[in-house]
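J.: any chance you could fold what I've pasted below:
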Amino acid sequence: MSKDIRDDKPAWYVVHTYSGYENRVKLDIEQTIKNRSLEDFIFEVKVPTRVVTEIRAGKEMRSEKKLFPGYVLIRMILNDETWYIVRNTRGVTGFVGPDSKAVPVPIEEIERLAETEKEIIIQYDIGDSVLVTVGPFKDHIGKIIELNDKKRTVTLAINIMGGENLVKNVDFADIKKI
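T.: Numbers count the residues shown, from 1 in each chain. Below is the predicted model:
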């Protein structure tokens, strides 16, 4: 970072973290804010998530999924001290931007992100017929033959040109139950 970078207005910035360290980075930055009395410079640290309710075989399971694994959002006033503190937090690999320079995220993107954090409900079982809504198989109807809850993907059997073909790793978000 170049010397004496100053921005008097708070903005949202994105930092990249080691995979699985997002919550630890958030807690460490929040603790540093308290320890160094930086409440007037670093306002909010966020790991964007979405609550997912899955209904399988009549049982409801709720879980929280990270929207952007490996990333943390920080609303702060960028200066040499805040840049240094965030950049040198254990688990942070750098700011997101050209040459790892901190680039503010437009507020419209943050507002759009808030919309995607709402709860979604997924109700898929093996044997369900679904419509593919995006990608190369858009508008094709397939039958779920395999579910991967961890990856949130399915394997579909889709009839293409008179033959049944398997399409693997189709995201839950890319299909709709019919």
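
J.: count the residues that sit near residue 178.
T.: The tally of other residues near residue 178 (other C-beta atoms under 10 Å) stands at 9. Yep, even glycine has a C-beta here, placed from its N, CA and C like the rest.

J.: show the pLDDT at it.
T.: pLDDT, residue 178: 88.

J.: how about it, what does it touch?
T.: Counting by C-beta atoms under 8 Å, 6 or more residues apart in numbering, residue 178 makes contact with 129-131, 141.

J.: ok, it to residue 156 distance?
T.: Counting by C-beta to C-beta, to the nearest Å, the separation of residue 178 from residue 156 is 12 Å.

J.: what residues are shared contacts of those two?
T.: Common neighbours of residue 178 and residue 156, using C-beta under 8 Å, 6+ apart, are residue 130.

J.: quick check on the contacts of residue 178: which are buried?
T.: Buried subset of the contacts of residue 178 (neighbour count, 16 or more other C-beta atoms under 10 Å): residue 130.

J.: residue 38: which of the contacts of residue 178 is nearest?
T.: residue 130 (48.6 Å; C-beta to C-beta).

J.: the closest one reaches residue 124, doesn't it?
T.: Yes: with contacts counted by C-beta atoms under 8 Å, residue 130 reaches residue 124, the gap being 7.3 Å.

J.: overlap in contacts of these two?
T.: Here residue 130 and residue 124 share the contacting residues 144, 154, 175, 177, scored by C-beta under 8 Å, 6+ apart.

J.: what is the burial count for the first one?
T.: Taking other C-beta under 10 Å as the neighbour definition, residue 144 ends up with a count of 19.

J.: equivalent analysis for the last one, please.
T.: Residue 177 has 12 neighbours, counted by other C-beta under 10 Å.

J.: I'd say it and residue 127 touch.
T.: No: checked against C-beta under 8 Å, the pair residue 177 and residue 127 is beyond contact range at 11.4 Å.

J.: domain-wise, how is the protein divided?
T.: Using automatic domain parsing, the domain ranges for the chain come out as 11-120, 124-177.

J.: span of the shortest one from start to end?
T.: Looking at domain 124-177, the gap from its leading to its trailing residue is 7 Å under the measure C-alpha to C-alpha, to the nearest Å.

J.: how far off centre is it?
T.: 23 Å (C-alpha atoms, centre = their mean, to the nearest Å).

J.: then the longest one?
T.: When distances are taken as C-alpha atoms, centre = their mean, domain 11-120 is centred 9 Å away from the chain's centroid.
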